[in-house]
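**Student:** Sharing a model prediction with you, sequence too.
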Amino acid sequence: QVQLVESGGGLVQAGGSLRLSCAASGFILDHYAIGWFRQAPGKEREGVSCISSSDGPTYYADSVKGRFTISRDNSKNTVSLQMNSLIPEDTAVYYCAAASSIYCWPTLRDYWGQGTQVAVSS
């Protein structure tokens, strides 16, 4: 059964760091582009970062460039999102998704996790 599970969310003060992890079962993450998205209350879901298959090109939203880093750990079949210098505007539910291709970005028709909450206090 194909499944994605996010972990690593929590409450952190502004300026702090969190590391989110997206673990897969039922398929090999490295074969697909993996994206991180977030949705804040009352806002649309937005793409945060994406990594193409086999450590191909990475992409970041302008709002997180220089602060977030996406990476793969193929030995664990996971994709991580290292989030540094967090600000209150980063507060949202974060989701990972696996595209049905090697190219960014995943779409709503692809596989999605259930999300993990990130809250940044000022």
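**Tutor:** Yep, it's here.

**Student:** Neighbours of Val48, how many?
**Tutor:** 24 (other Cβ atoms under 10 Å). All C-beta atoms are positioned from the backbone trio N, CA, C, and that covers glycine.

**Student:** distance of it from Leu11?
**Tutor:** According to Cβ to Cβ, to the nearest Å, Val48 and Leu11 sit 19 Å apart.

**Student:** dump the residue contacts of the residue most central in space within the chain.
**Tutor:** When the chain is reduced to its mean C-alpha position, the nearest residue by Cα atoms, centre = their mean turns out to be Trp36, at 2.6 Å. Applying Cβ atoms under 8 Å, 6 or more residues apart in numbering, one finds that Trp36 lies in contact with 20, 22, 47-50, 70, 79, 81, 94-97.

**Student:** Just the buried residues from those residues, in ChimeraX please.
**Tutor:** Restricted to buried positions by 16 or more other Cβ atoms under 10 Å, the ChimeraX selection for the contacts of Trp36 reads:
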select :20,22,47,48,49,50,70,79,81,94,95,96,97
